[in-house]
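K.L.:
Predicted model follows, preceded by the sequence.
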There are 2 protein chains.
Amino acid sequence: MDTRALSVFLSVADTLNFSRSGEMLHLSVSAVSRTVQRLEDELGQPLLERDNRSVRLTSAGREFREYARRSLAEWQQLRRKLGTDAELAGEVSLYCSVTASYRVLAPILESFRQSHPAVEIMMHTGDQADGIGRILGGQDDIAVSGHPAQLARRLDFLPLLESPLEFCAPTADCAVRDVIEGKNTAAPDFDWEAVPFIVPERGVTKDILDAWFRERGIRPRIYAQVAGHEAIVAMVSLGLGVGIAPQLVIDASGLSGSVSNIEVSERLPPLSIGLCSLRRRLASPLVKSLWDVAGQTYGVPV
Amino acid sequence: MDTRALSVFLSVADTLNFSRSGEMLHLSVSAVSRTVQRLEDELGQPLLERDNRSVRLTSAGREFREYARRSLAEWQQLRRKLGTDAELAGEVSLYCSVTASYRVLAPILESFRQSHPAVEIMMHTGDQADGIGRILGGQDDIAVSGHPAQLARRLDFLPLLESPLEFCAPTADCAVRDVIEGKNTAAPDFDWEAVPFIVPERGVTKDILDAWFRERGIRPRIYAQVAGHEAIVAMVSLGLGVGIAPQLVIDASGLSGSVSNIEVSERLPPLSIGLCSLRRRLASPLVKSLWDVAGQTYGVPV
DNA sequence: TACTTTACTTGCGTAAAACGCTATATAAGT
DNA sequence: ACTTATATAGCGTTTTACGCAAGTAAAGTA
């Protein structure tokens, strides 16, 4: 019997719901189920009565809950007393886009720095689209990413903020401007196929844009596929085409003067931006604490 | 942190000796060492001060010992309270020779039966020499065996009794008897090479006998190699040769009238008979409890 | 009645943790 | 100097725990 099992049991005894407890503990449902089973094996008695629809505490379960609370409290008290509660130290590896590094991560890290000065942050920047891959590949602990349509179950996603996805065009007088100038781009019948597009090479925003085109039967003229929204905005500002990017990136680029948003008949869905991590990694108190600080910083219930 | 770690720590805090605790807990020294290390990691503080020669409790260690005692007591109290302390139930698999089954095991099982009526005993009998192999192969949990010269470290041996290893010859008038009759077999220069021997095919007693012959430069005439001391005694009683067997087996054979011991210049070392099991298996409360009962039955400190 | 939803359990392959063995280090006894 | 006693560290193996996917069963819905 270990303290981890106690925590799991207490959570389930509290929520009376294996799935919800799993989420809260960053564990799969089956892990929760088996942890309880192991406890019951060890005690030789069922602690929870469950009938595929509801969960109730047995009387042994109620008794065990009392014990578990006491025992866990004593353990934690001891940890604190022994000076420990080990000031968290170690290394957390982050991956994000350049924009996210100072528009999303900076406020988080600022407060994290204060509460956990001994933790070293390793930050890697690059195309936001690569974030999920790097998490799955174990190269980084946490990535800032848009919420993908399909989230692998061993991943956990903590939404922090939303940013509208915007079409944008160069403001300068140029060939691209001419195709748009004076026309009603918001009209359903606007001829998008005449416009050179600069689109993301891969990732969540590429998927969203592809879907948008497909739903409208538009076969866009792709001028360039680019890795990274920052680069898209830069290319748009140079007059090479019309692009899309989260408003956040446009604002942060310092190029908002050279780029202007285009009205469209039906806007792209806003991009949900947040943290992404392997559930497993979230078991680490280090990673978990950064995750928690992020949630608090953005006022999200974790 | 789990209860197992607490037990290990308490044992070490008590003995102040990793090796001895390892033995008592049926764990290797390194397992004990690392269990303590893990605890210290988790608490962020050394609990034991150790300098290759002595072990002392640190002040954190003393505090932790208090906690560990309390916590473990509460846990065990709860287990008892929940009706459990699960009346041990399950299955223990034993291997032994026919003789051992009623001369060694019977008194153990008698008292084990009383204290653990719900445990099923699976007994397999055969050549005593195979016992250790069957334990190593995982076919049985516990074997009754002679103590081998080299005991694999993952095995644990609990000596229960000793029995002298005896040379024996048929009492009936026969060719074999003629070779011995009237001669002084105890004389150092007795001609053993004229005697047909019936020897164990393999196992501890074969090794002992081989060594005995080798040390005296005797090249015995082997009439038969036989699996099982019982069979050796039977063959001897039929007048086929001179054999060796533990006195225990001769006594139990019912053939002691047809077989008589032979004096020799230097006797074979007595055979230490006891239980043998994989350390790992001894972690199972079932196996451990049988082991303990055996120790008590024979008045051996376990 | 049949489909869908919800929620726990189970089989299976994989990943992490724990263990034992061997080797190593260090101090004490001979 | 050699042996003994004791703890630790590297390494391969075993055991345990986990996530996923499939299964099951009750309750809601059409």
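P.N.:
Alright, I've got the coordinates. Residues are numbered from 1 along each chain as shown, chains lettered A, B, ... in the order given.
K.L.:
Give me the neighbour count for the residue nearest to A:Ser101 when sequence neighbours are not counted.
P.N.:
Spatial nearest neighbour of A:Ser101, chain neighbours left out: A:Thr125 (5.6 Å); criterion: Cβ to Cβ, 6 or more residues apart in numbering or on different chains. In short, each C-beta sits where N, CA and C put it, glycine included. For A:Thr125, the number of neighbouring residues by other Cβ atoms under 10 Å in any protein chain shown comes to 17.
K.L.:
Retrieve the pLDDT associated with A:Thr125.
P.N.:
Note for A:Thr125: predicted pLDDT of 93.
K.L.:
Repeat that for A:Glu162.
P.N.:
A:Glu162 is given a pLDDT of 93.
K.L.:
Then the one 10 residues further on?
P.N.:
Note for A:Ala172: predicted pLDDT of 89.
K.L.:
do A:Pro200 as well
P.N.:
pLDDT, read off for A:Pro200, is 95.
K.L.:
how far away is it from DNA strand D?
P.N.:
The gap separating A:Pro200 from DNA strand D is 25 Å, by Cβ to the nearest atom of the strand, to the nearest Å.
K.L.:
Quick check: beta-bridge partners of that residue?
P.N.:
When bridges are called by DSSP bridges, A:Pro200 pairs up with A:Val226.
K.L.:
show me what contacts it?
P.N.:
A:129, A:206, A:209, A:225-227, A:229, A:232, A:244 (Cβ atoms under 8 Å, 6 or more residues apart in numbering or on different chains).
K.L.:
The longest helix along chain A: which residues count as buried?
P.N.:
Determined from DSSP state H, the single longest helix within chain A is helix A:59-81. Neighbour counts using 16 or more other Cβ atoms under 10 Å in any protein chain shown place A:60-61, A:63-65, A:67-68, A:71, A:75, A:78-79 of helix A:59-81 among the buried residues.
K.L.:
and what of stretch A:165-180?
P.N.:
Quick answer for stretch A:165-180 (16+ other Cβ under 10 Å): A:165-171, A:176-177, A:179-180.
K.L.:
and which of those is nearest DNA strand D?
P.N.:
The closest of the buried residues of stretch A:165-180 to DNA strand D turns out to be A:Leu165 (Cβ to the nearest atom of the strand; 27.4 Å).
K.L.:
For that closest one, give its distance to DNA strand C.
P.N.:
28 Å.
K.L.:
one step back: which one of the buried residues of helix A:59-81 sits closest to A:Ile262?
P.N.:
A:Arg79 (57.0 Å; Cβ to Cβ).
K.L.:
can you list the domain ranges for chain A.
P.N.:
A:3-81, A:90-161+A:273-297, A:165-269 (automatic domain parsing).
K.L.:
Contacts for the stretch of helix or strand A:Met123 belongs to, please.
P.N.:
In this assignment (DSSP states H and E), A:Met123 forms part of strand A:119-125. With Cβ under 8 Å, 6+ apart as the test, strand A:119-125 has contacts from A:88-98, A:101, A:105, A:109, A:112, A:134, A:139-140, A:286, A:290.
K.L.:
what does the helix or strand following that strand rub up against?
P.N.:
Per DSSP H and E, strand A:119-125 leads on to helix A:131-136 as the next helix or strand towards the C-terminus. Helix A:131-136 has contacts (Cβ under 8 Å, 6+ apart) with A:95-96, A:124, A:140-145, A:148, A:152, A:155, A:276-278.
K.L.:
in helix A:131-136, what's buried?
P.N.:
Those would be A:131-135, for helix A:131-136 by 16+ other Cβ under 10 Å.
K.L.:
interface residues of chain A facing DNA strand D?
P.N.:
Chain A comes close to DNA strand D at residues A:4, A:26-31, A:34-35, A:38, A:51-53, A:152-155, A:279-280, as judged by Cβ under 7 Å from any atom of the strand.
K.L.:
one step back: now, of the contacts of A:Pro200, which are buried?
P.N.:
A:129, A:209, A:226-227, A:229, A:232, A:244.
K.L.:
Any stretches of chain A with poor pLDDT?
P.N.:
A:83-89, A:301-302 (pLDDT under 70).
K.L.:
any chance you could map the strands in it?
P.N.:
A:48-50, A:55-57, A:90-96, A:119-125, A:142-146, A:155-163, A:165-170, A:196-200, A:221-226, A:242-246, A:259-261, A:271-278 (DSSP state E).
K.L.:
Return the list of strands paired to the fifth one, each annotated with direction.
P.N.:
Strand pairing for strand A:142-146, determined by DSSP bridges: strand A:90-96 (parallel), strand A:271-278 (antiparallel).
K.L.:
same question, the second one
P.N.:
When pairs are called by DSSP bridges, strand A:55-57 turns out to pair with strand A:48-50 (antiparallel).
K.L.:
again, but for the longest one
P.N.:
Using DSSP bridges, the strands paired with strand A:155-163 in its sheet are strand A:271-278 (antiparallel).
K.L.:
Contact residues of the stretch 51-200 of chain A facing DNA strand C?
P.N.:
Going by Cβ under 7 Å from any atom of the strand, the residues of the stretch 51-200 of chain A near DNA strand C are A:52-53, A:55.
K.L.:
Could you identify the buried members of those residues?
P.N.:
For these, buried by 16+ other Cβ under 10 Å: A:Val55.
K.L.:
Now tabulate the residues of the stretch 51-200 of chain A next to DNA strand C in CSV and tack on distance to B:Val249.
P.N.:
Shown next, in CSV, are these (distance: Cβ to Cβ, whole Å):
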residue, distance to B:Val249
A:Asn52, 60
A:Arg53, 64
A:Val55, 60
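K.L.:
Roughly how far does the residue lying farthest from the centre of chain A sit from DNA strand C?
P.N.:
Farthest-out residue of chain A from its mean C-alpha position, per Cα atoms, centre = their mean: A:Gly44, at 41.1 Å. Distance, A:Gly44 to DNA strand C, using Cβ to the nearest atom of the strand: 16 Å.
K.L.:
Look at A:Phe18 and say how many residues are nearby.
P.N.:
Count around A:Phe18 with other Cβ under 10 Å applied: 23.
K.L.:
any idea how far DNA strand D is from the residue of the stretch 101-250 of chain A found nearest DNA strand C?
P.N.:
Nearest residue of the stretch 101-250 of chain A to DNA strand C (Cβ to the nearest atom of the strand) works out as A:Gly138 at 7.3 Å. Distance, A:Gly138 to DNA strand D, by Cβ to the nearest atom of the strand: 13 Å.
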